[in-house]
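Colleague: Next input, structure requested:
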Amino acid sequence: MKPKSNPSLRLNRRDFLKIAGLTGGASILAACGTKVVTTPETQVPIPTQPPAKIPLSFWTPGGSDVYCKGFGTIAANYMKDNPNIELGETKCNPTGENYTEVLLANIAAGTPPDATIVWTSPVTYAVRGAVIPLDDFMKTSKYSQTEAWPKGVLASCLYRGKAYGLPVTAGTYALFYNEEMFEKAGLSSKREDFPKTWDDLRRISKEFTKWDGDLLKVAGFIPMGGPSDFYGMAVEFPIWSHTNGGRVFDNENMKYTINSEQNLQLMHYALEWWDEEYHGDLIKVNTSANWAGYADAKGRPPAFQEGVYAVFNSGFWLCSDMYAAELKFERWNVAPYPVGPGGKETASGYWPNWLVIPKASPHPKEAFDYLDYMSAVGVRTWFDNIPDLPTNANVPNTLVPSLVVKNRNQEFAANVTDFFRHQLDVATPMWNSPVEDFYLDKLSLALEQILSKKATPEDALGEVQRACQEELDKVLKG
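Modeller: All right, here's what the predicted structure looks like:
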């Protein structure tokens, strides 16, 4: 999950370099011990020095106070076990500006942090030569060997066969549903009985959806998710594509497949569903209620927590965030994505935090050792503060969100967390294009045009395909 930005001061790398350059002299004699050497003539006190500590700097793209301060705890714990390391205060977006631009500018100037979290795919940095490959470090690491990471998640770090990041956390996606609404409708609320196909989900959705004139009072499932969050819809598009037998990007051949037959079928299916159940009117749906998982800019509470939205898709983080709004029922659950008419299997996706080492990092080996520690040990403290789902196989599977334990019970919290962990095993490759941000912006606009009936799926997805492939080819040549 990507917390909001929390601006802080730019890190001054020169100060760290001065510290690293300390080699001795009379000015630090008072802080040093002495060693006595005996000779036949006399005893001569010779000053000695403790080993110079290696300074490391660590940045994040932003974050809440809880998120950012948690890294201070992680750093303090690491330094206890590694007294040769001096970790400075974590900088959460040093300038408050676009973090990708800030980081690239510091890399170009030779003043990057030793390591950083990024919320833009490592592949987008790798294609620019802005981060270093980690494969050699991973081979000899304590926790971060290739096999310690879910294949579909590590794919987001791979460029030309090399790994340029560690996917330290990845909140997986699933369908959240209101067990109590299911039971009142005479439907089983057991996860194993949840609809397995798009057709089955569409059929039961009709049993919940209720209109009062132009006002949508209750919704079953709104196709492809929240109708006001087209960026989120674009992020989740590869999941829906996979469940219909398609994909969006071929990482091996560096080719987009956005307007494939399977993806066009997906969009036509969604439009037919919209027309049949939701009057084919995006404006009516959005003005009726807030169909996201959080209170919106107008202060409207989320419909799911209000008990008037039976099923919607979101990520693991909502297990805790759900309780930020008043929950007007008690029992909710989660289930896998159903399979489309062109698909053969379910799939999930994820929203990650990546760890990378910038080019010109002063201490890449020491920086990697810290990231290795964070991936399996430090992330436990991270999870206590912000329940982002750890992905490394060395992390104990006993971690559960405390808010879910408090509001439900330990058994349910463990069960739902285990479910989301298993979604890592079926996660479709995503976030793996060198022009990922460009693609998401273009696809967000196209989805809005399609669902608003301003463009056909063929025209809109065709234009995204053309633009993204052209941009990708340009970046690869550059």
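Colleague: What lies in contact with stretch 198-218?
Modeller: With CB atoms under 8 Å, 6 or more residues apart in numbering as the test, stretch 198-218 has contacts from 181, 185, 187, 195, 219-221, 243-244, 269, 273, 277-279, 284-285, 288-289, 308-311, 338-341. (Glycine included, C-beta is placed from N, CA and C.)
Colleague: now do 7 Å
Modeller: 181, 185, 187, 195, 219-221, 269, 273, 277, 284-285, 288-289, 308, 310, 338, 340-341 (CB atoms under 7 Å, 6 or more residues apart in numbering).
Colleague: How about stretch 100-114?
Modeller: 11, 13, 56-59, 94-95, 116, 120, 130, 358-363, 367.
Colleague: List the buried residues in it.
Modeller: Residues Thr100, Val102, Leu103, Leu104, Asn106, Ile107, Thr111, Pro112, Pro113, Asp114 are the ones in stretch 100-114 that count as buried (16 or more other CB atoms under 10 Å).
Colleague: same check, this time on stretch 364-374
Modeller: Across stretch 364-374, burial judged by 16+ other CB under 10 Å covers Pro364, Glu366, Ala367, Phe368, Asp369, Tyr370, Leu371, Asp372, Tyr373, Met374.
Colleague: Of those residues, which belong to helices?
Modeller: Under the assignment DSSP state H, the buried residues of stretch 364-374 contribute Pro364, Glu366, Ala367, Phe368, Asp369, Tyr370, Leu371, Asp372, Tyr373 to helices.
Colleague: ok, the second one touching Asn84?
Modeller: What that stands for is Glu366. No - contact criterion CB atoms under 7 Å: Glu366 and Asn84 do not qualify, at 8.4 Å.
Colleague: Show me where this structure dips below the pLDDT cut-off.
Modeller: For the chain, the stretches with pLDDT under 70 are 1-51, 226.
Colleague: rewinding a little: anything in contact with each of Glu366 and Asn84?
Modeller: Ile54.
Colleague: What are the boundaries of the strands in the stretch 151-300 of the chain?
Modeller: Along the stretch 151-300 of the chain, the stretches classed as strands by DSSP state E, counting those that start in this stretch are 158-159, 162-163, 166-178, 210-212, 215-218, 249-250, 255-256.
Colleague: Which among those is found nearest to Gly88?
Modeller: strand 166-178 (19.7 Å; CB to CB).
Colleague: nearest residue to Asp388 other than its sequence neighbours?
Modeller: Thr169 (3.7 Å; CB to CB, 6 or more residues apart in numbering).
Colleague: Isn't Ala446 up against Asp459?
Modeller: No - judged on CB under 7 Å, Ala446 makes no contact with Asp459 at a distance of 9.0 Å.
Colleague: and the two? which has more neighbours close in?
Modeller: Ranked by neighbour count (other CB atoms under 10 Å), Ala446 and Asp459 place Ala446 first, with 27 against 14.
Colleague: Summarise which helices and strands the host helix or strand of the more buried one is packed against.
Modeller: If you go by DSSP states H and E, Ala446 is part of helix 436-451. Here helix 436-451 touches helix 122-126, helix 230-243, helix 457-477, going by 3 or more CB pairs under 7 Å, 6 or more residues apart in numbering; DSSP states H and E.
Colleague: Now for Glu306: which residues touch it?
Modeller: Counted by CB under 7 Å, 6+ apart, Glu306 has contacts Lys328.
Colleague: Now it: phi and psi?
Modeller: Per-residue torsions, Glu306: phi -70, psi -10 (degrees, to the nearest 10).
Colleague: which residue is nearest the middle of the protein?
Modeller: Pro352 (2.0 Å; CA atoms, centre = their mean).
Colleague: That residue bridge partners, please.
Modeller: Using DSSP bridges, the bridge partners assigned to Pro352 are Ala170.
Colleague: got the contact list for Asp390?
Modeller: Not Asp; residue 390 is Pro. Counting by CB under 7 Å, 6+ apart, Pro390 has contacts Thr169, Val379, Phe383, Leu399.
Colleague: hang on, the earlier thing: now, which of the ones in helices among the buried residues of stretch 364-374 sits nearest Val464?
Modeller: Comparing these against Val464 with CB to CB places Leu371 closest, at 34.3 Å.
Colleague: And the spatially closest residue to that closest one that is not a sequence neighbour, which helix or strand is it part of?
Modeller: Leaving aside its sequence neighbours, Leu371 sits nearest to Leu355 (CB to CB, 6+ apart; 4.5 Å). Per DSSP H and E: Leu355 is located in strand 350-356.
Colleague: Need the residues that contact that strand.
Modeller: Contacts for strand 350-356 (CB under 7 Å, 6+ apart): 1, 115-119, 122, 125, 131, 153, 156-157, 164-173, 235, 315, 371, 374, 388, 427, 431.
Colleague: Distance of Thr169 relative to Ala115?
Modeller: Per CB to CB, to the nearest Å, Thr169 is found 15 Å from Ala115.
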